[in-house]
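[1] okay, sequence plus prediction incoming.
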Amino acid sequence: MSAPAPPAPAASAAPASAAPAASGERRLPPVTQLGMVSLALIVAAGIYLSAHLPNHVSLTPAIVLLAVSALVLAGNLASLSRVRGFAWGAFFAVARWAALAYLVIAGMIEYVFLRNHTSGGPLVVLTLSLLVFAVHVPVLIAFTVARYQEP
Amino acid sequence: MAQAVVSTPGSVIGEGAPPQGVPAGFERPDFQIVPRAGLPIVAAVLGLLIAGIAVNELWPLMFLHVVGGATWTIVDLFLGFVLGPILGSMPIPARIALTTRLMPKMVLIMPTAVTVTLAAGWQLGSHLGTVQSAYALHGWVVASYIVVGVMAVIALGLLEPANIAVLTELKKPQPNPAVIERLMKRFIYTAGATGLMQVATLVIMTKLASG
């Protein structure tokens, strides 16, 4: 089963417009797709680290996955910020509450890591992964809500 | 749901030109996107989770992991394979009535169930030693990470945003039926996808439990 395809991405160099296109669908950057890629990358980093416990393994693969995930997040935010006529009021109204909720969830997971004496490099990678998670998920929720709102 | 017109919350749908599939005079129930009455319950559950992890005893951790996991699995399977197909075939007013009652509860239940399952599960695995790579069934444990990871990406990227967005759309004075239709399809399809993956979770967890 697959979800219906999100809107067509705005691939041009010009700032994307949230104004309804002729088809009735807004032209927006692929925020949801990029968000899922970013989440998948940090999940992969987490699985890589978790799968090797308690052995010490190279952090490089996890760091690379995290770095790419963070870059995708930054790119996603940058492309979204260039959208004209987007319902930013609705976006931030949803994003701040979603951020609160997902910070609590990230905090719970961080608590488990600390409770189990995770430390050093793995803790840094996992904490930064949770940070990406706690930023990106609210962005995805807020984007999905705001794209259907009038600016 | 193609031509439905919904007026202000708690008021009448279909005033003016009667929309297709919606009887004139249909009253949409008022609702909260995030049910505030449920927040203390969520806080209590998270408090129990913190206590369970802090105590680090087998029974509380097992209880939290099993209850959270069972809730997560059952809801996914039920929504994906039972309620989803039924919802798709219901008359529009019934769909709206069910959606405005069901989806706000999902906003609280699913993130809570997932957080409890994962946090208690990791602590339980640490307590039992099953997260260690020396564990005999370590491959199965890693498989569970992968299944949960895929489910998490689908749920966080598609399902949860669709849930919130459809409720926000239904809150509008004039909701767009096409948007609701699209978001509900996304919700039901992704619930079905995670439901399928929950079958894999059941296979893995029963294998781990039976050794």
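    Noted; the coordinates are in hand.

[2] anything in stretch B:85-102 near chain A?
    No: shown here: stretch B:85-102 not in contact with chain A (C-beta under 8 Å from any C-beta of the partner chain), separated by at least 11.7 Å. Just so you know, the C-beta spots here come from the backbone N, C-alpha and C atoms, and that holds for glycine as well.

[3] what are the buried residues along that stretch?
    B:Leu87, B:Ile92, B:Pro93, B:Arg95, B:Ile96, B:Ala97, B:Thr99, B:Thr100 (16 or more other C-beta atoms under 10 Å in any protein chain shown).

[4] which element is the most centrally placed residue in chain B on?
    When C-alpha atoms, centre = their mean is applied to chain B, the residue found nearest the centroid is B:Met110 (4.1 Å). Assignment of secondary structure by DSSP states H and E places B:Met110 within helix B:92-128.

[5] show me what that helix is packed against.
    Judged by 3 or more C-beta pairs under 8 Å, 6 or more residues apart in numbering or on different chains; DSSP states H and E, the packing partners of helix B:92-128 are helix A:88-115, helix B:39-55, helix B:58-78, helix B:84-89, helix B:138-154, helix B:160-171, helix B:177-210.

[6] pass me the low-pLDDT residue ranges in chain A, would you?
    A:1-26 (pLDDT under 70).

[7] so where do the helices sit in it?
    Ranges of helices in chain A, per DSSP state H, are A:31-51, A:60-81, A:88-115, A:120-146.

[8] could you dump those to JSON lines with distance to chain B and mean neighbour count?
    JSON lines is the format used below for the helices of chain A (distance: least, C-beta to the nearest C-beta, whole Å; neighbours: other C-beta atoms under 10 Å in any protein chain shown):
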{"stretch": "helix A:31-51", "distance to chain B": "4", "mean neighbour count": "22"}
{"stretch": "helix A:60-81", "distance to chain B": "12", "mean neighbour count": "17"}
{"stretch": "helix A:88-115", "distance to chain B": "5", "mean neighbour count": "18"}
{"stretch": "helix A:120-146", "distance to chain B": "3", "mean neighbour count": "21"}
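
[9] list the contacts of B:Val131.
    B:Val131 makes contacts with A:Ser50, A:Leu53, B:Trp122, B:Gly125, B:Val141, as judged by C-beta atoms under 8 Å, 6 or more residues apart in numbering or on different chains.

[10] tell me the mean pLDDT for stretch B:92-100?
    In this model, stretch B:92-100 has a mean pLDDT of 86.

[11] what would it look like as PDB? C-alpha coordinates only.
    Taking Å, rounded to 0.1, in the frame of the first residue of the first chain, the C-alpha atoms of stretch B:92-100 are listed here in PDB:
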ATOM      1  CA  ILE B  92     -20.300  11.300   4.100                       C
ATOM      2  CA  PRO B  93     -22.100  12.500   7.200                       C
ATOM      3  CA  ALA B  94     -21.200   9.300   9.000                       C
ATOM      4  CA  ARG B  95     -17.600   9.700   7.900                       C
ATOM      5  CA  ILE B  96     -17.400  13.200   9.200                       C
ATOM      6  CA  ALA B  97     -19.100  12.200  12.500                       C
ATOM      7  CA  LEU B  98     -16.700   9.300  13.000                       C
ATOM      8  CA  THR B  99     -13.600  11.200  12.000                       C
ATOM      9  CA  THR B 100     -14.300  14.100  14.300                       C
END
